[in-house]
Every structure is written in C-alpha cells, then in structure tokens.
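Enquirer: The following block contains a protein sequence and its predicted model.
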Amino acid sequence: MATGSAMTGSINYGNLMHQAMRGLIREVLEKVAAEGLPGQHHFFITLNTRHPDLQMADWLHERYPEEITIVIQNWYDNLRVDEDGFAITLNFGDSPEPLYVPFDAISTFVDPSVEFGLRFESHSEEDQGDDEAPMSEDAEGEGDGEDSPREAEVVSLDKFRK
C-alpha cells in the first residue's frame, strides 16, 4: 500500500482539466455541426497560428503569424468535428477560407451570449508542482512557451463585451 510520502508521481490536474475542456469544446461543436447555433449562441475562439497542425490560407498566416481570433456566428460552412480538432469555412472580408483547427491550438474559447469562457494557459515546468494554477483576470495573450504544457482556466469576458 502506497503512502503519501512514498508516491513518486503526482496527479497532473492541469493536464486532466485540459483534456476535459477539450472534450467540452468538441461536444459543443459537434452539437452545432449537427443542429446549428441555437438562440443567440456564438463563439470567439483564439488560436495559436504557430501550431504545426493548424491549416489556414498562407495570406491569413502571414497576417496573423502568432494568433488569430475567429468568430463562429452569422456565417460559417462545412463545420466538421473529429477527435483532434475541427474543420470550418469562415468568411474573411468576403473571402471564404477553409480552416482546420486542432483543439490543442485553441488558447481561448468564449461564448459571450451566456458569459462562458475558457482559457488554456501555458505554464513552465517549475509551475507544474503548484497545487493551484493562478487565475487570470483577462483574455489578453501572454508570452507562451513553445512546448509548455497547457492548462485550462476560466477566462474573463470583459475583452469580448460589446
């Protein structure tokens, strides 16, 4: 029987939260793909455009080399969700562009119609031992380490209010 002091590993709550939040986003997008956006629901999704599996037009990548916030609201097409991400066609200045977004590329997911928001925060290795990740007060992008694990947290919606 293991005792607390004899344990060699630890429970990585940040990683488990990340997996759970990815599952939540996947479930929401699967429902929207099947039934459309209900009521006033719409999404602001901020993406890390440096993610190696993100697929977007070269001109968009040149304009947004680090991150982009996409809006799923009035017009979108071809929304398809798989285990690792989603494909969608969005309008960028009257130019329909297909995107493929891995869930790991999402840094914020906000539905302002119901004041719901998530942020996936990167933390360095020395932060992994902390019992509690600090909560952030806004959705502004912060310097993210390239390969740091990402942790989930609730995000303030002030940035997205009209």
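Expert: In hand now; what should we look at? Numbering: from 1, shown residues only.
Enquirer: which residues of the protein score low on pLDDT?
Expert: Flagging of the chain using pLDDT under 70 yields the residue ranges 1-8, 122-162.
Enquirer: The longest helix seen in the chain: which residues count as buried?
Expert: Determined from DSSP state H, the single longest helix within the chain is helix 13-35. Within helix 13-35, the residues that qualify as buried by neighbour count (16 or more other CB atoms under 10 Å) are 14, 17-18, 21-22, 25-26, 28-29, 32-33. From N, CA and C alone the C-beta is placed, and that goes for glycine too.
Enquirer: Tell me the one among these nearest to Ile106.
Expert: Ile25 (6.7 Å; CB to CB).
Enquirer: wait, that closest one sits on Val110?
Expert: No - with contact defined as CB atoms under 8 Å, Ile25 and Val110 do not form a contacting pair (11.0 Å).
Enquirer: ok, His18 touching Phe120?
Expert: Yes - using CB under 8 Å, His18 is in contact with Phe120, at 6.2 Å.
Enquirer: ranges for the helices of this protein?
Expert: Secondary structure of the chain by DSSP H: the helices cover 13-35, 58-63.
Enquirer: among the ones you listed, which is nearest Leu47?
Expert: Shortest distance between Leu47 and the helices of the chain, using CB to CB, is found for helix 58-63: 10.5 Å.
Enquirer: Tell me the buried residues in the closest one?
Expert: Leu60.
Enquirer: do you know how far the closest residue to Ile25 other than its chain neighbours is from Arg22?
Expert: If you skip the residues right next to it in sequence, Ile25 has Phe109 as its closest partner in space, 5.4 Å away by CB to CB, 6 or more residues apart in numbering. Using CB to CB, to the nearest Å, one obtains 10 Å as the distance from Phe109 to Arg22.
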